[in-house]
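Novice: using only what follows, build the 3D model:
(one chain, ligands or ions: 2)
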Amino acid sequence: MVNVAVLGAAGGIGQPLSLLVKLSKDVSSLRLYDIVRCPGVAADISHINTNSQVQAFEGNAQLKDCLTGADIVVIPAGVPRKPGMTRDDLFGVNAGIVRDLVQAIAENCPKAFVCIISNPVNSTVPIAAEVLKKNGVYDPRRLFGVSTLDLVRASRFVRDLRPSFDAGTEIPVIGGHSGNTIVPIISSVQNAVHFSEEEIKTLTHRIQFGGDEVVQAKNGEGSATLSMAYAGYTFVNSIIRAMNGTPTTVCSYIDVSVDQSGFEHYKNLCADQVEYFSVPVSIGPNGVEKILPLENLTEFEKDLIKTASSAIAQNIASGVNFARK
Ligand SMILES: NC(=O)C1=CN([C@@H]2O[C@H](COP(=O)(O)OP(=O)(O)OC[C@H]3O[C@@H](n4cnc5c(N)ncnc54)[C@H](O)[C@@H]3O)[C@@H](O)[C@H]2O)C=CC1
Ligand SMILES: O=C([O-])CC(=O)C(=O)O
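Specialist: Ligands and ions are numbered 1, 2, ... in the order given. Next up, the predicted model:
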């Protein structure tokens, strides 16, 4: 049984994500934290007759109690995009939010698995790492940028084009989590569903900019929340399975120093040096164990990795510089 804390629990993602986590039979304590609206959300979810006890924590003074004893901390706190903005435009507000929340994690539950949803993920994960390092509690195996929504979209968008494709089939998506840093590996299913070069280009673009479709459709009311809640829940479940001893694989934006030799495979394809990258990994009870290779990448995918790595290197530098200030 695990204790899960959701920071930003009253938000667009936080509420449905907390609802889904409440359904898990493996969760014993579900702690919901936000700076506003949290008691109402927690009271509501707490009436659902599943295993976990739900508690509300509101405002900085209650953050310590929320985090003490947490095994998994999920962070969807922060502002979302409006039309015309990039995820990097959120840095000014969200960098500080993530830094302060991770400082509290370092002080109160340094061994927790930390899952960062707040954008720009390419930068907020390095910020989190720097804060944990400063506090002397950094374990890179336990820090994750949640890029699962890119995989969810990849499978769904392939299904949109080929109705016979099982939308539950995983398509790896590597690199980062913004525009052209998102690198879908469609070649992994090319035997099951054949696509022309033109179709692959169109699909790749749709997956890279899937977030924009939602931002535009919501027209100023935020970005993906419901599909993200589903993706976040899927990710949390993978972590719980791994903690419980079932070997599990995920794609996640991680500190690649956890497995230097495993990352060689990707490093050779990068134009710039990147310390963080989304890669397929095996996870176990202590977090990331191995970075897994993806074989037979196409020239098109190799080019995408090159482009992605240059942008990610800059995003990492912004995050690290901010956290070291
Ligand atoms: N990784 C991914 O794939 C995705 C990431 N996102 C990102 O997730 C974040 C949240 O998005 P939404 O839930 O739609 O936004 P939202 O505005 O609906 O909710 C954010 C919540 O965070 C809370 N919050 C703000 N400062 C806080 C703090 N210091 N401590 C705790 N809570 C705090 C707010 O009160 C609010 O309830 C955004 O940065 C968005 O870009 C969104 C979709 C996908
Ligand atoms: O597009 C956004 O800003 C939110 C996000 O990360 C996504 O939907 O992938």
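Novice: could you pull out the buried residues of the helix or strand that Y230 is a member of?
Specialist: Using DSSP states H and E, Y230 sits within helix 226-243. Buried residues in helix 226-243, counting neighbours by 16 or more other CB atoms under 10 Å, are found at 227-240, 242-243. The way it works is simple: take the backbone N, C-alpha and C, and place the C-beta from them, glycine included.
Novice: those strands in the stretch 201-325 of the chain, which residues are they?
Specialist: With strands called from DSSP state E, counting those that start in this stretch, the stretch 201-325 of the chain shows them at 248-255, 276-284, 287-291.
Novice: just send these back as TSV, with mean pLDDT too.
Specialist: TSV is the format used below for these (pLDDT from 0 to 100):
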stretch	mean pLDDT
strand 248-255	98
strand 276-284	98
strand 287-291	98
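Novice: which one of those lies nearest to G145?
Specialist: strand 248-255 (3.0 Å; CB to CB).
Novice: separation between the residue of the stretch 101-250 of the chain found nearest ligand 2 and T225?
Specialist: Of all residues in the stretch 101-250 of the chain, the one sitting closest to ligand 2 is G211 (2.3 Å; CB to the nearest ligand atom). Using CB to CB, to the nearest Å, one gets 11 Å for the distance from G211 to T225.
Novice: how about the residues of the stretch 1-150 of the chain by ligand 2?
Specialist: Listed as neighbours of ligand 2 in the stretch 1-150 of the chain under the rule CB under 6 Å from any ligand atom: P80, R81, R87, N119, L149.
Novice: try it again with 8 Å
Specialist: P80, R81, M85, R87, L90, N119, V121, L149, D150 (CB under 8 Å from any ligand atom).
Novice: mind giving me the PyMOL command for buried ones among those residues?
Specialist: Buried members of these, defined by 16+ other CB under 10 Å, are picked up in PyMOL with:
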select buried, resi 80+81+87+90+119+121+149+150
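Novice: which ones are touching the residue of the stretch 101-250 of the chain closest to ligand 2?
Specialist: The neighbours of G211, taking CB atoms under 8 Å, 6 or more residues apart in numbering as the test, are R81, R87, L149, S223, A224.
Novice: out of these, which are inside helices?
Specialist: L149 (DSSP state H).
Novice: near ligand 1 too, which of the contacts of G211?
Specialist: Contacts with ligand 1 are made by R81, R87, L149, S223, A224 out of those, judged by CB under 8 Å from any ligand atom.
Novice: fine by me, we can end here.
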